[in-house]
Structure formats: structure tokens, C-alpha cells
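Visitor: sharing a model prediction with you, sequence too.
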Amino acid sequence: MGEALNTGMANLGLGAGALPLTPEQVREHIPLTAKYIYLDNCATTPVPKPVVDAMLEYFYEYCANVERGAYSIASLANERWDLARAKVARLLLNCDPDELIFARNTTEAICMFAYALEHPLLDRAGSVFREHEPLVRWKRGDNIVFSDLEHHSNMMPWIRLARHVGAEVRVVRFNRQTGQIEPGELERVVDERTKLVALQHVSNVTGMIHPVEEFVRVAKEANPDCLVLIDGSQGPGHMSVDVEHIGCDAYAFSGHKGPLGPQGSGGLYVRRELLERMEPMEIGGGTIADVTTRDYKLRDDALCKRWEAGTPSIACLIGLGRAAEYVAEEIGLERIRAREEELTEQLLEGLLNIPGVEVYGETEDLTWHAGVVSFNIEGWDSHDVALALDSEFEPPILMRAGHHCAIPACRALGVLERYGGTVRASFHYYNTPEEVEAAIRAVRKLASA
């Protein structure tokens, strides 16, 4: 078994060739780049061959369930699954692996946390099966805070939770000019009755990176017991993330965006002292230490696994572990961030020189700008622009169009009714200056039509 595990570790990329990987090498790992100019990394990223290979190795060499069998390949599957969690926790979030719950995506991760804020933990303690002290004792007059720039997945669970527990919803207005959520605006709405603040790390509409450490400070100063969740959909894999430094109570992310992992993978970090008291959203196989016909005892050996009932997406999560290694160790998160900054600056400079093009978010000081640019062409519906970029140019240029699951933000920017949303270009390390220049030429041609 030890020899098999060492072989598997090598296949996961340890001891690979010359590092760091160049953009050209990464492009060789992503066949799609030979056919398209892919600029929709906010929505999902192509999966590099080394990540796919790690998943195929599971299917071909040790396709067994985890935490279910004692035979050799079942043990190997379990080791690889645990190794994947350790890699993701360490490389993408800088947290303890036992504080990382695997999830399908950011949406599921946020809903997990929302569920735990409504339902107290039910578990056997000693010989008594009982409800434990809830994470939050909700009272009339309590409030939940999020911004009008959030993705729907970081609004809807809180609207529903507020209705269920009788709390007030308070909304932080983002700066319409810079596209950023400002700590001063958060200070205006939080108070001693604020029980939860849920804000994004990076906007998928304006591309702005937010000062999340300041959000935590403001929330905790208003109410030391206030919980803070960060929606990290557009963070890990694009930049270094340190949840301990941020100081948040929970951080949700998807594996199929920045980390270059497969769809169906992601996670939820929760501070250990909260995780111990959280009621799982689903229970069943894999979550328990003991069951009778009248009660059950949840497992204590791995708190995160209380939340992972049933057979997980083993191949996808092993793929996520390989992807974390790929972006963090074989490319380098600082290199990814620097590359995206260069491409963003190039695209903004080009678009701002095209008559009839509107660009949203900060365009001068790019310190807080991620690799996401939203724009519109006067007289064009955003969807028509995206369709034209795909169908009228060679190679096809693939950009997102619409409200980006952020209707309130698009309404606030005045683009929903006028353009149907925005056209959005979003980068990753493998994108090139030549692709950006091709996109600028295409937009210029459409704008002059």
C-alpha cells in the first residue's frame, strides 16, 4: 500500500518537471485554448489535463468508496480523499483540514451555513439525545447584513433565513462608481443587533476585490458575537487567501473557478468552535459514530465529515486536491494574480479608447481590481454582443453576458433594463495578451458597426 500511495503522490504532480509552469505550458494542458479565446473564467474554467488525469487515475486504478472498505484500494481511495482535503485546506485557504467541509459549490456551502444558523445541533451527549445551544439565539429586532452587489447565492439564503427567524434584512450599498463595497458603508448599517454579515471577497460583476479583513473588523466592533461569512467564489486560485488572517467565521468557495478544478467541487471553511456546534444539513452514512432506533451520535473524530453524508463526489474532490496543487505550487498564486492584473490593465486601456463603450467599476487605480471586466456597447443588447463575439470572429471569443446572477447589482448600475446586464470578460493565467488584443479589435469593430 505504501508503494502504491507513493506512486499516486507522484501522479498528483509531486516531483514534476521544471516549475513554475508558464502560461504556454498551461495552455498545452487545456486543449480548448487551441480552438477558442475563452474569457469566461468567472463562470467556470476549463480543467487542465493533470487534474483530469488525477480523476481518471481514481476511476481506472482504485475506484472504491471512501470510509467504507478495508481492502487495499478502498484504503488508497480514502488516503487520496483525505490528502485532497489537506491540499485544498493548506494551499487555497490556509486552514486546518478538519475545518474544511467539502461541498458541490459555493451555493451549497452558503446554504449549509444558513441551515446551521436556523437549526440547533441535535446529537447524543452522554446518554441524552437533545438539542444543543444554537449558534444564534434569534430575537425580534436582530438583523442580517449583505450588500446589493452580492451574487444571488449570497442573498437568497439570508432573505429566507431572516423570514424564518424574524430578523431584519439590511443592505450595504456598493459604490456605483468604483464598484466596490466600502467599510464605511458597512459601518452605517451594522449595530449591536447584527447577528450575521455576509459579503463577497471579489465581485463577479465589477471585478473589484473587497477589503474583507476590514469587513470583519467593522462587524466585530459593532457586535463581538456577530458572525461573518465571506463568499469566496472568485477568490481562491486567483490570489492568495488566508482565512486566519481575514478573521472570518466562514468562507465559501467553488473549485471550478479560480482553482481550475472540476465542476461539483468546492468547500466551506468554518472555525472549529462553531463547527462543533453546527447542525448538519444532511445526515446519514459517514456522519455518525453510533445509531440506535431512537437516537444517534454524530462522529467526533473528523468534524468536517459530519457534513458529508453519503458517498461524496470522490473523483471531483480528488481532482480539486490536484487542482489546488497545480495553481498554488506548479504555477504560483502570486504569478496568477500578476498575470491577471496585466491582462486586465491591457483590456481596460483598450476598451476605454473605443467610442460608445461603457466600462463598469474602477478603471484607474487597479490595486483592488481582479481579472474581471464588465462593459457594454451603446445600442447593443449585452447578449447580442456575446453572440456576435462567438459567431463573427475567428477564433471565437467567448464572454459572458447578462445579469451574472446579480440582478440587484445590475439594476443599481442602470444596465439591466438598458442592456440586459453587461458583457463580461474574465481571465486566468493561461490567457494571453494576444487574446486580449483580439478581443479589443472585435469590440471596436462591433462598436463601429
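Guide: That came through fine. Remember, predicted model here, so these are calculated numbers, not experimental data.

Visitor: from here on, just use CA atoms for contacts and neighbour counts.
Guide: Fine.

Visitor: domain-wise, how is this protein divided?
Guide: Here the domain parsing of the chain from automatic domain parsing is 97-328, 333-447.

Visitor: nearest to residue 62, of those?
Guide: Among those, domain 97-328 comes nearest to residue 62, with 10.4 Å by Cα to Cα.

Visitor: pLDDT of the closest one, averaged?
Guide: The average pLDDT within domain 97-328 is 97.

Visitor: likewise for stretch 424-442?
Guide: Here stretch 424-442 scores 98 as its mean pLDDT.

Visitor: quick one: contacts of it?
Guide: Outside stretch 424-442, the residues that touch it by Cα atoms under 8 Å, 6 or more residues apart in numbering are 23-24, 26-27, 37-42, 205, 238, 258, 335-337, 339-340, 343-344, 346-347, 350-351, 371-375, 389, 393, 397, 399-401.

Visitor: again, only using 7 Å
Guide: 23-24, 26-27, 37, 39-42, 336, 339-340, 343, 347, 350-351, 371-375, 389, 397, 399-401 (Cα atoms under 7 Å, 6 or more residues apart in numbering).

Visitor: these in helices, which ones?
Guide: Within the contacts of stretch 424-442, residues falling in helices by DSSP state H are 23-24, 26-27, 336, 339-340, 343, 347, 350-351, 389.

Visitor: from the chain's centre, how far out does stretch 321-330 sit?
Guide: With Cα atoms, centre = their mean, to the nearest Å as the basis, stretch 321-330 stands 16 Å off its chain's centre.

Visitor: got it, and stretch 335-345?
Guide: 19 Å.

Visitor: give the buried residues for it.
Guide: The neighbour-count criterion (16 or more other Cα atoms under 10 Å) identifies 335-341, 343-345 as the buried residues of stretch 335-345.

Visitor: including distance to residue 213 and pLDDT, could these go into CSV?
Guide: Listed next are these as CSV, based on distance: Cα to Cα, whole Å; pLDDT from 0 to 100:
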residue, distance to residue 213, pLDDT
335, 23, 98
336, 22, 98
337, 19, 98
338, 21, 98
339, 24, 98
340, 22, 98
341, 21, 97
343, 26, 98
344, 24, 98
345, 25, 98
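
Visitor: now, which of those residues sits nearest residue 174?
Guide: Within the buried residues of stretch 335-345, the smallest distance to residue 174 is 21.3 Å, found for residue 344 (Cα to Cα).

Visitor: got a list of what the closest residue to the closest one other than its chain neighbours touches?
Guide: Nearest residue to residue 344, sequence neighbours excluded (Cα to Cα, 6 or more residues apart in numbering): residue 371, at 5.5 Å. For residue 371, the contact set (Cα under 7 Å, 6+ apart) comprises 207, 340-341, 344, 426-427.

Visitor: pick the one among these closest to residue 46.
Guide: residue 427 (11.7 Å).

Visitor: how many neighbours does the closest one have?
Guide: 26 (other Cα atoms under 10 Å).

Visitor: got phi/psi on it?
Guide: phi -110, psi 160 (degrees, to the nearest 10).

Visitor: among the domains of the chain, which is nearest residue 58?
Guide: Closest approach to residue 58 among the domains of the chain is made by domain 97-328 (6.3 Å; Cα to Cα).

Visitor: widest-spaced pair of the ones in helices among the contacts of stretch 424-442?
Guide: Greatest spatial distance among the ones in helices among the contacts of stretch 424-442 (Cα to Cα): 26 and 351, at 26.8 Å.

Visitor: in a markdown table: the domains of the chain, plus distance to residue 60.
Guide: Converted to a markdown table, those look like this (distance: least, Cα to Cα, whole Å):
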| stretch | distance to residue 60 |
| --- | --- |
| domain 97-328 | 11 |
| domain 333-447 | 29 |
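
Visitor: and residue 32, which of those is closest to it?
Guide: domain 333-447 (11.1 Å).

Visitor: now the most centrally placed residue in the chain, nearest residue through space, not along the chain?
Guide: Geometric centre of the chain, nearest residue: residue 233, 2.2 Å, by Cα atoms, centre = their mean. Nearest in space to residue 233, with sequence neighbours left out and distances taken as Cα to Cα, 6+ apart, is residue 253 at 4.6 Å.

Visitor: phi and psi next, for the nearest residue to residue 209 once chain neighbours are set aside.
Guide: Counting by Cα to Cα, 6+ apart, residue 209 lies nearest to residue 202, which is 4.4 Å off, once chain neighbours are set aside. Backbone geometry at residue 202, expressed as degrees, to the nearest 10, gives phi -140, psi 140.

Visitor: cool, residue 292 as well?
Guide: When read as degrees, to the nearest 10, the backbone of residue 292 gives phi -120, psi -180.

Visitor: so who does it touch?
Guide: The contact partners of residue 292, taken as Cα under 7 Å, 6+ apart, number zero.

Visitor: if I look at it, how far off is residue 203?
Guide: Using Cα to Cα, to the nearest Å, we find residue 292 at a distance of 47 Å from residue 203.
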